[in-house]
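**Student:** Make a model of this:
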Amino acid sequence: MHQRGKAPSFAADVVEEMSTETAARMAKKKRTQRKPSKKLPVCTKRDLRTPKRKRRKCTPPKSKAVPQRPSPAGAVAAPPVAAPTPSAFPTPFPTAAPAPNPSPAPSPSPVAGPTPVRSVEPDAVATAPHVGLAVYSGPFQEAQAQRLLFRAGFGPRPGQAAALAGLGVREAVSRLLNPGATALEGPAPTGGYLVGGQFAPYDKWGHIHLEMLDRMVRSTDSLTERMTLVLHDWFGVSRAAVEAKLTIEHIALLRANWRGSFRTLLKQVTVDPGMLVFLGGSGSSKWAPNENYARELMELYALGADRGAYSETDVRQLARAFTGWRHDWSEALRYYNFRLDPNRFDTGTKTVFAGTAAERRGNLNAESAVDAVVDHPMHPSFVVRKMWSYFIPTEPAAETQQALEALYRASGERLDRLVEAILLHPDLYQGAAMTKPPVVYVAGLMRGVGAGITTDAWIWRCELAGQHLGMPPSVAGWNDRAWMNTSSFSARWGMAHELIKPKTAAAAAYTGKTETADQALTAALSAWGNPVVSADHLAMLTRIASRTWIGRTAGDNYGSQASFLANRQNVLLQLVGSAPDAHVC
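**Tutor:** Modelled structure (predicted):
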């Protein structure tokens, strides 16, 4: 179809709204801004009724406890807990000062960062049937395989979706859960921002982000990297409040242990140095218990806010169980020698969830306090619903929720079993699309074009899009409802442009040549790894590809057929990677 009238300027469609220098300066300014500290006001009743994420910063009042939700069978007091003494709680931390980290600290090969250590044997995964849970039985073709790869990872490499589709949904999910030996495949990072050819996450700002992004793009165990991202958001430990070494070790802990028991992981996170510093647990004493971790453990990590699961009294009682932890600090070693000091631990009797079937009383310490929270009857529903939300945007049906809770408890709170059941569920394949988080979007583009990390611009580009790995904006993690707005979409447009620049078409390549609409569209899709696109997206691309040069007329912006064809191809390249369809899965 011939296009009449003045031809549009295709080149203008792919000009970024923001130069690299300006964007980098804005990101740097944002990083260096510091708000003056001030005493927080006491929360009003209105504040306490407002969800945590929308609530203004304030200090909870020490007032009468919120009434507990009664047990259906009436108030039943559990027997006292024979908790171990503080010194009996196992700690993995050294008692002597560790050697300082070398500078720089390059990542080992073939897998950057700490070597993953699985808590369970992979053969134990995906072997038992999920009683009462539906398993997807519809067509499992390339489109369904691509959705699975984006939700349980970071999208397919060229040909991977088609290969996975040939396995069927059960085998496909099993392959993701049991990938075999983990390695990094694809182009290794290059560029002058590296130190000795390696990332330097201990020393250079933003290199934690780059190293995590590199693993997302190149790891053969995409599900582990995706679950690392999920748990990084779940716990929210941020480099903005914790030094690089402790942040790196915290992320490595999540990566190494997601396949095991969530109860065990919570116990590990509770005494993890990164978390102890992040929420002030290291320094909490029997004379001045710090309530931060006790509150977030129940509100964000294990029970959920505004559900009647716990009260302010429970926060204060639980905080006493987390006292006694301390560390040393020096200019050379920074934070080190994390340990439990029995002299600072509150050995008195604590009572949590009083007057309910979940009541626990005794000399609770960090370990038994976590057990009390995980044993709470409202814990499974919280974990199931929160984990489900990372993979499926709609609420689970009541029967699905109940079956997943039963599976979670019966498996010993195993996260891998829960995730497996979610990945097999029909709602993942038949339900609504999800918006990709910024790093999932860009990692997917990089996997599609076979690109590696060649610039540290990915730090500020992802930050402008709303996600800086290693630096969640709050203890609640990222706000996934804010992924798409005018600013973040502009940043995503820039991401696609950054990746497609090496493939930019020049007029010289088209001199004396012709190209049909089908050929132009095929070339553009091939450049991005032939992703599956929706009918609406394909129709839009076809309309663009069908445009033809109007010739040397007053309305001509190109001057030649070759210039027009090059511009048409560049527009197609940009729109394959940045049109709305590319941002959802």
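**Student:** hey, let's count contacts and neighbours off CA atoms from now on
**Tutor:** Noted.
**Student:** Helix or strand for the residue nearest the centre of the chain, just tell me which one.
**Tutor:** Nearest to the geometric centre of the chain sits Leu229, at 2.9 Å (CA atoms, centre = their mean). Leu229 is part of helix 222-235, with elements assigned from DSSP states H and E.
**Student:** try Tyr336
**Tutor:** Assigned by DSSP H and E, Tyr336 falls in strand 334-340.
**Student:** so what does that strand touch, helix or strand wise?
**Tutor:** Applying 3 or more CA pairs under 8 Å, 6 or more residues apart in numbering; DSSP states H and E, one finds that strand 334-340 makes contact with strand 325-330.
**Student:** picking that back up, report the mean per-residue pLDDT for the helix or strand just after the strand holding Tyr336.
**Tutor:** Of the helices and strands lying after strand 334-340 in sequence (DSSP H and E), the nearest is strand 350-352. Averaged across strand 350-352, the pLDDT comes to 98.
**Student:** which residues are contacting strand 350-352?
**Tutor:** For strand 350-352, the external contacting residues (CA atoms under 8 Å, 6 or more residues apart in numbering) are Thr313, Asp314, Gln317, Leu318, Arg320, Ala321, Glu359, Arg360, Arg361, Gly362, Asn363, Leu364.
**Student:** and what of stretch 148-158?
**Tutor:** Here stretch 148-158 makes contact (CA under 8 Å, 6+ apart) with 146-147, 161, 176, 216-217, 222-223, 225-226, 391, 423, 428-429, 440-441, 443-444, 447-450, 529-531, 585.
**Student:** Stretch 225-243 now?
**Tutor:** The contact list for stretch 225-243 (CA under 8 Å, 6+ apart) reads 152-154, 215-216, 219, 247, 250-251, 254-255, 258, 274-275, 277-278, 300-301, 390, 470-478.
**Student:** Kindly recompute the last result at 6 Å.
**Tutor:** Gly153, Met216, Thr247, Leu254, Arg255, Phe278, Gly470, Met471, Pro472, Val475, Ala476, Gly477 (CA atoms under 6 Å, 6 or more residues apart in numbering).
**Student:** Okay, and the fifth one sits in which element?
**Tutor:** Under the criterion of DSSP H and E, Arg255 resides in helix 244-257.
**Student:** How far does the helix or strand that comes right after that helix sit from its chain's centre?
**Tutor:** Going down the chain from helix 244-257, the next helix or strand is helix 262-270, by DSSP H and E. Taking CA atoms, centre = their mean, to the nearest Å, the mean C-alpha location of helix 262-270 is offset from the chain mean by 18 Å.
**Student:** Quick check: mean pLDDT of helix 262-270?
**Tutor:** Across helix 262-270, pLDDT averages out at 98.
**Student:** Check which helices and strands whichever helix or strand comes after it is in contact with.
**Tutor:** Downstream of helix 262-270, the first helix or strand assigned by DSSP H and E is helix 273-278. For helix 273-278, the elements it packs on are helix 244-257, judged by 3 or more CA pairs under 6 Å, 6 or more residues apart in numbering; DSSP states H and E.
**Student:** name the helices or strands packed onto the helix it packs on?
**Tutor:** Checking 3+ CA pairs under 6 Å, 6+ apart, helix 244-257 ends up next to helix 273-278.
**Student:** at 7 Å what do you get?
**Tutor:** Contacting helix 244-257 under the criterion 3 or more CA pairs under 7 Å, 6 or more residues apart in numbering; DSSP states H and E are the following elements: helix 222-235, helix 273-278.
**Student:** Point out the most buried one among these.
**Tutor:** Greatest average neighbour count among the helices and strands packed on helix 244-257 goes to helix 273-278 (a mean of 24), per mean count of other CA atoms under 10 Å.
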